[in-house]
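Asks: The sequence and its predicted three-dimensional model are supplied below.
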Amino acid sequence: MSDKIVDTDLGRQPPPVRVVMLDGHSLSIREVELIAIEGWRVELSEDALKRVGQAHRLIHELAAEGIPIYGLNRGVGLNKDIEITADMYEAFNRNLIYSHSAAVEPAASDQEVRAVLVARLNSLLKGCTGVQPAIVMMYRDLLNAGIHPIMPLRGSIGAGDISVLSHIGLTMIGEGNVICEGQNVAAKTALQAAGMEPVKLGPKDALAIVSSNALSSGIGALTAAAALRLLDTADAVFALSLEALQGCASPMDEALFAVRPFEGAAESAANVRDALRGGRLVQMEQSDKIQDPLSFRSACHVHGAARDALAYASKQLILQLNGSDDNPCVLIDERRVVPSSNFDVTSWTVAFEMVAIALSHVSKISCYRSLKLGTSSFTGLGRFLAPNPGTIAFGTLQKTYTSLDAEIRLLSNPVSADYFSLAGEIEDHANNTPLVIRKTADIIDRLSYIIGMEALHAAQAIDLRGSQAGLGQGSAAVYEQIRSVVPVLAVDRPLTPDIGAVYELIRRGIRIEGGVLDE
């Protein structure tokens, strides 16, 4: 566990205090998950707060010298030529929040809102914004108090999520509604109950609140974490499918990945070897079989391609989470405020497009494995894995998972190149990054169903063979988990409840480590 993460278990009430220390430069994807999903508290490093204060003082000093500063003493967007005088500061910043609150439903979940809050909070701690420290503390306090602004998700084009993040600004000034302890209440009421006061906006505060890519990066972190869990699970389920087919283990031979060392493929192959260890499959004489269909033979390479794409996207995303995307950018040491295009996120947006395409391959190959497991000529078992000729079993299920694969194929189409020239044609590049992240998350959801249905096929085939005792240690654990939520199909029954039960198992994630199952 990182030094930044504190887990204090006192062994008595109250429950353990779990805290992530934010410093503006070392936030991890896992820490975003801990804060957003598991509800860990956040604290702020003293050095980071010092930088925030220095930047705030600097912009006021430079403005006092008559230097024009975008969003402080000048307007924003096409109105960058309009002078904002000191007597206009509060009204200008309030109006900026109002006018930019233009997103539409659906609203983000509490977990998504928390991810967005922590993403923006960490980037503010870089000290490149000039925001007043009270704004930074408000992000922290909203997270720790469990006050979650109602934030519509749609409306950002991915060049700063201004139309969405403005709804967080409404909460900060005590307007709009929030979700607190599961209830929809007025922001002002929730703040008062938590002993918090609405902030009084000062120069550049509103721009700091609305202009970042925290919507995309925060939810992107949750999406990246979910993708990695799913790929680990896909490896585990594939190992069971290979046992169900009584297929060849040779394509997972470690030596093969030494002569062509693609990291993702090697990792998936290692996962499968761990799952098969100790089982009969790796001891079987298979020289007469030679090789399986590509959906089995190439599984680790396809899963590995998605791992490689995800590793690259995650690397780029971590840079984003720990960088400043502010325009203008405050450079404390140089005493400068520099107009920038650091809000451009093309580098990691196109990386997530790649992840989406790679996951579509994972989907397709899983569907083909399920089709093969339902085909007697490949398995030597009953048609559609029926336990007897009078049972239809999984025949119709083919329509379900292939229809979901069609959805994934549609969602994998790139959208980052679809943008308009806006704001009087001064803003003529964007990436639709929130949509890229959202459709990648939708792919993960549908793929969780597809991998789950592959798991149903694999477990059913194992039961029909009566080969449970010969499974590898890891595969046996996967099989037991599947059977803990879905019984063997002995007679026809409605399959929708089975699909839903195994989907929840897959969504939570299962991973093979050293021949055992980790949840």
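Replies: Structure received. Numbers count the residues shown, from 1 in each chain.
Asks: and the residue minimising distance to the centre of the chain, what element?
Replies: Centroid check for the chain by CA atoms, centre = their mean gives residue 223 as the closest residue, at 1.4 Å. Remark: residue 223 resides in helix 214-245, with elements defined by DSSP states H and E.
Asks: Give me the buried positions along whichever helix or strand comes after that helix.
Replies: Downstream of helix 214-245, the first helix or strand assigned by DSSP H and E is helix 256-259. Under the neighbour-count criterion of 16 or more other CB atoms under 10 Å, helix 256-259 has 256-257 buried. Where you see a C-beta, it was placed from the backbone N, CA and C, and this is true even at glycine.
Asks: Over to stretch 376-392?
Replies: 378-379, 381-387, 391.
Asks: now what about it, what contacts it?
Replies: The contact list for stretch 376-392, computed with CB atoms under 8 Å, 6 or more residues apart in numbering, reads 244-245, 293, 372-375, 393-395, 397, 457, 460-461, 464-465, 489-492.
Asks: That stretch spans what distance, first to last residue?
Replies: 13 Å (CA to CA, to the nearest Å).
Asks: Tell me who's in contact with residue 254.
Replies: Counting by CB under 8 Å, 6+ apart, residue 254 has contacts 269-270, 273.
Asks: from those residues, which ones fall inside helices?
Replies: Among these, the ones falling in helices (DSSP state H) are 269-270, 273.
Asks: By neighbour count, which of these wins?
Replies: Most neighbours among the ones in helices among the contacts of residue 254, by other CB atoms under 10 Å: residue 269, with 23 neighbours.
Asks: And the pLDDT for it?
Replies: Listed pLDDT for residue 269 reads 97.
Asks: In terms of distance to residue 209, which of the contacts of residue 254 ranks first?
Replies: residue 270 (45.0 Å; CB to CB).
Asks: can you list the weak-confidence ranges in the protein?
Replies: The model of the chain has pLDDT under 70 over residues 1-16, 70-73, 75, 77-81, 83-85, 87-88, 285-288, 426, 511-519.
Asks: where exactly do the strands run in the protein?
Replies: Secondary structure of the chain (DSSP state E): strands at 5-8, 17-22, 41-44, 104-107, 147-149, 152-154, 177-180, 183-186, 329-331, 336-338, 511-513, 516-518.
Asks: which secondary structure elements does the fourth one contact?
Replies: If contacts are counted by 3 or more CB pairs under 8 Å, 6 or more residues apart in numbering; DSSP states H and E, strand 104-107 sits against strand 152-154.
Asks: which outside residues touch the strand it packs on?
Replies: Defining contact as CB under 8 Å, 6+ apart, one finds that strand 152-154 is touched by 103-108, 112, 164, 167, 215, 434, 438.
Asks: And stretch 453-465, by the same measure?
Replies: By CB under 8 Å, 6+ apart, stretch 453-465 touches 237-238, 240-241, 243-246, 366-367, 369-370, 373-374, 379, 381-382, 385, 387, 393-394, 397, 400-401, 468, 471, 478-479, 482-483, 486, 488-489, 498-499, 502, 505-506.
Asks: can you check stretch 396-413 too?
Replies: When contacts are defined by CB under 8 Å, 6+ apart, stretch 396-413 is touched by residues 356-357, 359-360, 363-364, 366-367, 370-371, 374, 384, 439-440, 442-443, 446-447, 449-450, 453-454, 456, 495, 499.
Asks: In helices, which of those appear?
Replies: Filtering the contacts of stretch 396-413 for helices - DSSP H - leaves 356-357, 359-360, 363-364, 366-367, 370-371, 439-440, 442-443, 446-447, 449-450, 453-454, 456, 499.
Asks: coming back round to it: would you mind measuring from the residue nearest to the centre of the chain to residue 117?
Replies: 17 Å (CB to CB, to the nearest Å).
Asks: Show the contacting residues for the nearest residue to residue 159 once chain neighbours are set aside.
Replies: Residue nearest to residue 159 in three dimensions, not counting chain neighbours: residue 430, with 4.3 Å by CB to CB, 6 or more residues apart in numbering. Residue 430 makes contact with 157-159, 419-420, 422, according to CB under 8 Å, 6+ apart.
Asks: For ChimeraX, write the selection for the buried entries among those residues.
Replies: In ChimeraX, a selection of the buried entries from the contacts of residue 430 looks like this (16+ other CB under 10 Å):
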select :157,158,159,419
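Asks: out of the contacts of residue 430, who's nearest residue 82?
Replies: Among the contacts of residue 430, residue 422 lies closest to residue 82 (CB to CB), at 18.1 Å.
Asks: Could you verify my assumption that that closest one touches residue 156?
Replies: No: taking contacts as CB atoms under 8 Å, residue 422 lies outside contact range of residue 156: 11.9 Å.
Asks: follow-up on the earlier one: write a PyMOL command that selects only the buried members of the contacts of strand 152-154.
Replies: Buried residues within the contacts of strand 152-154, by 16+ other CB under 10 Å, are selected in PyMOL with:
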select buried, resi 103+107+108+112+164+167+215+434+438
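Asks: can you name the two of the contacts of strand 152-154 that are farthest apart?
Replies: Those two in the contacts of strand 152-154 that are separated most widely, counting by CB to CB, are 167 and 438, at 16.7 Å.
Asks: about what we covered before: let me have the strands of the chain in JSON lines, adding distance to residue 68 as columns.
Replies: Output for the strands of the chain, formatted as JSON lines (distance: least, CB to CB, whole Å):
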{"stretch": "strand 5-8", "distance to residue 68": "42"}
{"stretch": "strand 17-22", "distance to residue 68": "32"}
{"stretch": "strand 41-44", "distance to residue 68": "31"}
{"stretch": "strand 104-107", "distance to residue 68": "34"}
{"stretch": "strand 147-149", "distance to residue 68": "32"}
{"stretch": "strand 152-154", "distance to residue 68": "33"}
{"stretch": "strand 177-180", "distance to residue 68": "36"}
{"stretch": "strand 183-186", "distance to residue 68": "38"}
{"stretch": "strand 329-331", "distance to residue 68": "14"}
{"stretch": "strand 336-338", "distance to residue 68": "9"}
{"stretch": "strand 511-513", "distance to residue 68": "54"}
{"stretch": "strand 516-518", "distance to residue 68": "56"}
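Asks: Burial check on residue 472, number of neighbours?
Replies: 27.
Asks: Skipping its backbone neighbours, what lies nearest it in space?
Replies: Using CB to CB, 6+ apart, the closest residue to residue 472 is residue 279 (3.2 Å).
Asks: do the same with residue 76
Replies: Counting by CB to CB, 6+ apart, the residue nearest residue 76 is residue 207, at 6.2 Å.
Asks: Please tell me how far the one you found sits from residue 468.
Replies: From residue 207 to residue 468 the distance is 62 Å (CB to CB).
Asks: How about residue 149?
Replies: 50 Å.
Asks: Comparing these two, which residue is more hemmed in?
Replies: Higher neighbour count among residue 149 and residue 468: residue 149, with 24 against 15, using other CB under 10 Å.
Asks: residue contacts, that one?
Replies: 113, 142, 167-168, 170-171, 176, 178, 187.
Asks: again, only this time at 6 Å
Replies: 167-168, 171, 178 (CB atoms under 6 Å, 6 or more residues apart in numbering).
Asks: Can you give me the neighbour number for the nearest residue to residue 350 once chain neighbours are set aside?
Replies: Leaving out its chain neighbours, the residue that sits closest to residue 350 by CB to CB, 6+ apart is residue 416, at 5.9 Å. Applying other CB under 10 Å, we find 18 residues neighbouring residue 416.
Asks: Surely residue 416 is in contact with residue 348?
Replies: No: taking contacts as CB atoms under 6 Å, residue 416 lies outside contact range of residue 348: 10.4 Å.
Asks: Touching, residue 52 and residue 136? I think so.
Replies: Yes: if you go by CB under 6 Å, residue 52 and residue 136 touch, sitting 5.3 Å apart.
Asks: Domain ranges for this structure, per the record?
Replies: Per automatic domain parsing, the domain ranges recorded for the chain read 5-212, 220-328+342-518.
Asks: right, and those domains - which one's nearest residue 335?
Replies: domain 5-212 (6.3 Å).
Asks: sorry, back to before: narrow the contacts of stretch 453-465 to just the buried residues.
Replies: 237-238, 240-241, 243-246, 366-367, 369-370, 373-374, 379, 381-382, 385, 387, 393-394, 397, 400-401, 471, 478-479, 482, 486, 489, 498-499, 502, 505-506.
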